[in-house]
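*Asks:* Got a predicted structure here, sequence first:
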Amino acid sequence: MTTPRDVFDELSELVTARRWDELFELYAEDAVVENPQRPPVPSRFEGRETLRKIFSGGFNVRMERADVLIHRTTDPEVIIAEYRNVGEVLDTGKSFDIANVQVLRVRDGLIAHSRDYHDYLRLTAARDGLEELEKSFETAERELTPVPPRPASTADPKSPRGVFERLVYGVADGDWAGLPDLYAEKTHVTHPFLPGAKTLETREDLREHFTFGAKHDVRFQVRDLVIHETLDPEVVIGEFDYQGTAGGSPEFRVSNIFVLRVRDGLIVESRDYADHIAVAAAGGRLKELFALV
């Protein structure tokens, strides 16, 4: 039987070999592919033939995948892959090394649904596309709808799921002083999509990190939270959006995916794949962000 991991591996081989037109045969006829962080607004494509029409011919890059980490989940159809794409943009000759996360649902040996998160900042820089990206935000506008009421939690507060919920809703509640206490004294928190981001290694590092929320008057609500429980009992992976304002900005919405390892009720490791481009655009700080690349 073809497993989700088998399909991911075949997908990776085709990307590395640049056999773009063969990729589409890995997708179901009614497959859905979403890019929640694609700038300037997220994208959603439905149907194998739609994918073929839009992406036929592939991308003008040469790349291969590295440091692949596969998370099997309690849903046998779903795996979540963290990996790097290392390669070169053929048009510019510039190299790139970008982080990615792919949430892949495979049914009957074919990709039924894929949610793909990429480091668009570094990739766009390698394409010499930062100026064009900045201009795209002048006219693009993500649709904002009312945030649904917060669902009641049924999770043990010290379980990985419970800790994840307390983290994201703690941000929504503005509990900047209490959030660091969700982390172990010695922890390891990274932000792979933010160039130059410091690794946070202690609870005191997190205490300093969360002062950002109070200083910049961050007021977020959480929506569309989906927590994937993995076969590693310490690890959960959550997809969610923040919607709100920061520093007097207009209201905006950003998509995120975090990978948390929780031990004895405390976060000992976290990889936070946040949409820093959307946050910077909302705050008028794109040029500052681009300077980090």
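*Replies:* Structure received.

*Asks:* Give the burial count for Glu82, as a bare number.
*Replies:* Using other Cβ atoms under 10 Å, Glu82 has 20 other residues around it. Quick note: C-beta positions are derived from backbone N, CA and C, even for glycine.

*Asks:* wait, is it part of a strand?
*Replies:* Yes - assessed with DSSP: H, G, I helix; E, B strand; the rest coil, Glu82 lies in a strand.

*Asks:* what's near enough to touch the closest residue to it other than its chain neighbours?
*Replies:* Counting by Cβ to Cβ, 6 or more residues apart in numbering, Glu82 lies nearest to Leu69, which is 4.5 Å off, once chain neighbours are set aside. Taking Cβ atoms under 8 Å, 6 or more residues apart in numbering, we find Leu69 in contact with 81-83.

*Asks:* Tell me what the nearest residue to Pro148 once chain neighbours are set aside is bridged to.
*Replies:* Excluding the flanking residues, the one nearest Pro148 by Cβ to Cβ, 6+ apart is Arg223, at 6.3 Å. For Arg223, the beta-bridge partners are Asp241 (DSSP bridges).

*Asks:* let's have the chain start at 233 instead
*Replies:* With the count now opening at 233, the last piece we talked about shows up as Arg455.

*Asks:* in terms of contact, does Arg455 touch Val379 like I think?
*Replies:* Yes - Arg455 is within contact range of Val379, at 4.8 Å (criterion: Cβ atoms under 8 Å).

*Asks:* any residues in contact with both of those two?
*Replies:* With Cβ under 8 Å, 6+ apart as the test, Arg455 and Val379 both reach Gln475.

*Asks:* how about the helices in the stretch 233-382 of the chain?
*Replies:* Secondary structure of the stretch 233-382 of the chain (DSSP state H, counting those that start in this stretch): helices at 236-249, 252-255, 280-287, 352-358, 362-368.

*Asks:* List of residues touching the fourth one?
*Replies:* Residues external to helix 352-358 that are found in contact with it (Cβ under 8 Å, 6+ apart): 269-271, 320-321, 324, 326-330, 362, 365, 425, 427, 508-509, 521-522, 525.

*Asks:* What of the last one?
*Replies:* Applying Cβ under 8 Å, 6+ apart, the set of residues contacting helix 362-368 from outside is 271-272, 356, 509, 518-519, 522, 525.

*Asks:* Quick one: those as JSON lines, columns for pLDDT, distance to Gly406 and neighbour count too.
*Replies:* As requested, those are exported to JSON lines (pLDDT from 0 to 100; distance: Cβ to Cβ, whole Å; neighbours: other Cβ atoms under 10 Å):
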{"residue": "Pro271", "pLDDT": "97", "distance to Gly406": "27", "neighbour count": "20"}
{"residue": "Pro272", "pLDDT": "97", "distance to Gly406": "28", "neighbour count": "17"}
{"residue": "Thr356", "pLDDT": "97", "distance to Gly406": "32", "neighbour count": "21"}
{"residue": "Ile509", "pLDDT": "98", "distance to Gly406": "24", "neighbour count": "25"}
{"residue": "Leu518", "pLDDT": "97", "distance to Gly406": "26", "neighbour count": "19"}
{"residue": "Lys519", "pLDDT": "97", "distance to Gly406": "28", "neighbour count": "10"}
{"residue": "Phe522", "pLDDT": "98", "distance to Gly406": "29", "neighbour count": "18"}
{"residue": "Val525", "pLDDT": "95", "distance to Gly406": "31", "neighbour count": "12"}
